[in-house]
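Student: Build me a structure from this.
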Amino acid sequence: RGTNYAIPNEEKYSTPSCGGTGQVCGEGKESYGVQVNVETQIVIIIIITVLATASVVSGLNRGIVNLSRVNFALGMSLLLMVLFLGETYFCLDSIVQAFGYYLWYILKISFHTDAFERLGGKDMGLGGAPDGKGGSDSWLSGWTIFYWGWWISWGPFVGTFLAKISKGRTLREFILGTLIVPSLYSFIWFGVFGAEGIRMQRMADASGVCSAAYAGNASLCTSSEEGQVSSKCAAYSSQYSTAYKESVGMGYTPDCVLDPAYHAGYGKCKEFAWTRYVAVGDMCVESTSWVSVPCGTAGVDPTALSAVPTTGPCAGKITSEMVSADSASKTFNHFSGSLPSCFVPAQDGIVCLYNQGTTDIFFDQLASYGPRGFSDMLCIIGMIALLMYFITSSDSASFVVDI
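Tutor: As a prediction, the model looks like this:
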């Protein structure tokens, strides 16, 4: 959340990566921790290779299958924690909605070839978009065609591996277990993490956290004795004090008081059970309804009644004590005095994902679901799952080569 807790908050470690070199530091500066360089990458490759080799040597029914089961369990634990710690119903709705869009557009996008993008810009003279808003033809070659080649190259390995581990299965079981179920699981996985990532970005945009992140003023971040303030601290809501958020409006301004018992005080108006006399035909009956608690200087009291009625069915039943704002037995004008401010500061767990690097987004999302210790656990599970994914995918290819 914008603080490098593992790096001491000392001047000599102000540039712990030494400009990305890990070695060439300025005067009085020192590198700190494991650096991102060729040596570190070689060590990681060696570790993954040794573990993958040990798994392959131990055989299909001992090494590969057990690693795959453990990795699947880790992935499922992450998936379920994100699903139930986040907006569960929103994630489920998003999965269903996105799946419907996929089925609706699959035929259309299957025939999309970026035909008009091949004409280039409007000034290239081949008939490009006159409004200058035409796209580039690099998307099709950089993604679609590239991944065609990617999966075609993996086809022999994956096909042979699946055939080996599916020995004795029927064709129906093979299709169900290798095509249908994995595809549906992928929809669920990307639906949950994608929905939560989009929700996070929308909150960061709506609250103004992203505006501060794009400005990149690290001097506004809150210093911590527990570690070094990150150079990207401006992208994290927790780096700003409540007073600063109020001064710049980093938060939300609903038209009602938010319910503190719902989602930690976000997402729903606080409601008040309003019991009073109302006219129903020729009768005056007691009625109870729920009204939203107003806020702000422009808030309107939904329980307002300017004077005691002198005519109609409720004349005589509604007394001056019921109308007086100072009366303990009032049933009207509950919010006639000064109303609380409508401003609600942005949650500390918000991070502007769009301002982060690709490799940071996954862990920043996981870190938003709890305090430091719990979020660290989620990130460690994520790192182990990624490591074991590379090991198990390497195992499948190595196993095919051995065959």
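
Student: The stretch 201-350 of the chain: helices as residue ranges?
Tutor: Secondary structure of the stretch 201-350 of the chain (DSSP state H, counting those that start in this stretch): helices located at 209-215, 242-248, 320-323.

Student: Please settle this for me: is Leu51 part of a helix?
Tutor: Yes. Looking at Leu51 with DSSP: H, G, I helix; E, B strand; the rest coil, it is inside a helix.

Student: nearest spatial neighbour of it, skipping sequence neighbours?
Tutor: Of all residues not flanking Leu51 in the chain, Ile391 sits nearest, at 5.2 Å (C-beta to C-beta, 6 or more residues apart in numbering). For glycine as for every other residue, the C-beta is placed from the backbone atoms N, C-alpha and C.

Student: OK, contacts around the one you found?
Tutor: Contacts here follow C-beta atoms under 8 Å, 6 or more residues apart in numbering; on that basis Ile391 touches 48, 51-52, 55, 67.

Student: So what touches stretch 207-221?
Tutor: Contacts for stretch 207-221 (C-beta under 8 Å, 6+ apart): 2, 201, 203-204, 229, 231-237, 239-240, 244, 248-252, 346-347, 350-352, 354-355.

Student: one step back: just the buried ones from the contacts of Ile391?
Tutor: Using 16 or more other C-beta atoms under 10 Å as the burial test, those include 51-52, 55, 67 as buried.

Student: Just send those back as a markdown table, with distance to Glu321 and pLDDT too.
Tutor: Shown next, in a markdown table, are the buried ones among the contacts of Ile391 (distance: C-beta to C-beta, whole Å; pLDDT from 0 to 100):
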| residue | distance to Glu321 | pLDDT |
| --- | --- | --- |
| Leu51 | 78 | 79 |
| Ala52 | 81 | 77 |
| Ser55 | 80 | 76 |
| Leu67 | 75 | 81 |
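
Student: Make CSV from the residues you listed and add distance to Thr310 to it.
Tutor: As requested, these are exported to CSV (distance: C-beta to C-beta, whole Å):
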residue, distance to Thr310
Leu51, 87
Ala52, 88
Ser55, 88
Leu67, 83
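
Student: so the residue nearest to Leu51 sits in a strand?
Tutor: No. Applying three-state DSSP, one finds Ile391 to be helix, outside a strand.

Student: Asn4: what's it in contact with?
Tutor: Asn4 sits in contact with 16, 227-230, where contact means C-beta under 8 Å, 6+ apart.

Student: Tell me which of these has the lowest pLDDT.
Tutor: Within these, Gly227 has the lowest pLDDT, namely 68.

Student: List the residues that contact the spatially closest residue to Ile384 that is not a sequence neighbour.
Tutor: If the residues on either side of it in the chain are set aside, Ile384 comes closest to Leu74, at 6.2 Å by C-beta to C-beta, 6+ apart. By C-beta under 8 Å, 6+ apart, the contact list for Leu74 reads 381, 384-385, 388.

Student: mind checking which helix or strand Leu74 is in?
Tutor: Here Leu74 sits within helix 65-85, counting by DSSP states H and E.

Student: And that helix, what's buried?
Tutor: 65, 67-68, 71, 74-75, 78-79, 81-83.

Student: Lys270: which of the residues you listed is nearest?
Tutor: Nearest to Lys270, judged by C-beta to C-beta, of the buried residues of helix 65-85 is Leu83 at 27.3 Å.

Student: if we can go back for a sec, list buried residues within the contacts of stretch 207-221.
Tutor: Looks like the contacts of stretch 207-221 have 2, 201, 203-204, 229, 232-237, 239-240, 250-252, 346-347, 350-352, 355 buried, using 16+ other C-beta under 10 Å.

Student: Run through who's touching stretch 278-289.
Tutor: Contacts of stretch 278-289 (C-beta under 8 Å, 6+ apart): 273-277, 312-314, 317-318.

Student: Alpha carbons only: can I get that stretch in CSV?
Tutor: Only the C-alpha atoms of stretch 278-289 are listed here, as CSV (Å, rounded to 0.1, in the frame of the first residue of the first chain):
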residue,chain,number,x,y,z
VAL,A,278,-51.1,9.8,7.5
ALA,A,279,-54.4,10.4,5.9
VAL,A,280,-55.8,7.3,4.0
GLY,A,281,-59.1,8.2,2.5
ASP,A,282,-61.4,9.5,5.3
MET,A,283,-59.2,7.9,8.0
CYS,A,284,-56.1,8.9,9.8
VAL,A,285,-53.9,5.9,10.4
GLU,A,286,-50.4,5.3,11.9
SER,A,287,-47.9,4.3,9.2
THR,A,288,-44.2,3.4,9.2
SER,A,289,-41.9,3.7,6.3
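
Student: avg pLDDT for it?
Tutor: Stretch 278-289 comes out at a mean pLDDT of 92.

Student: Just the pLDDT at the residue nearest to Leu85 when sequence neighbours are not counted, thanks.
Tutor: Distances taken as C-beta to C-beta, 6+ apart put Tyr369 closest to Leu85, at 4.4 Å, once the chain neighbours are dropped. On pLDDT, Tyr369 comes in at 89.

Student: and Tyr369, how many neighbours?
Tutor: By other C-beta atoms under 10 Å, the residues close to Tyr369 number 16.

Student: how about it, what does it touch?
Tutor: 81-82, 85-86, 349, 375, 378.

Student: quick check, nearest of those residues to Val300?
Tutor: Gly349 (32.6 Å).

Student: Just the buried residues of stretch 145-158, please?
Tutor: So stretch 145-158, judged by 16+ other C-beta under 10 Å, has buried residues Phe157.

Student: returning to that earlier point: most neighbours per residue, which of the helices of the stretch 201-350 of the chain?
Tutor: helix 209-215 (a mean of 20; mean count of other C-beta atoms under 10 Å).

Student: and it, what's its mean pLDDT?
Tutor: 87.
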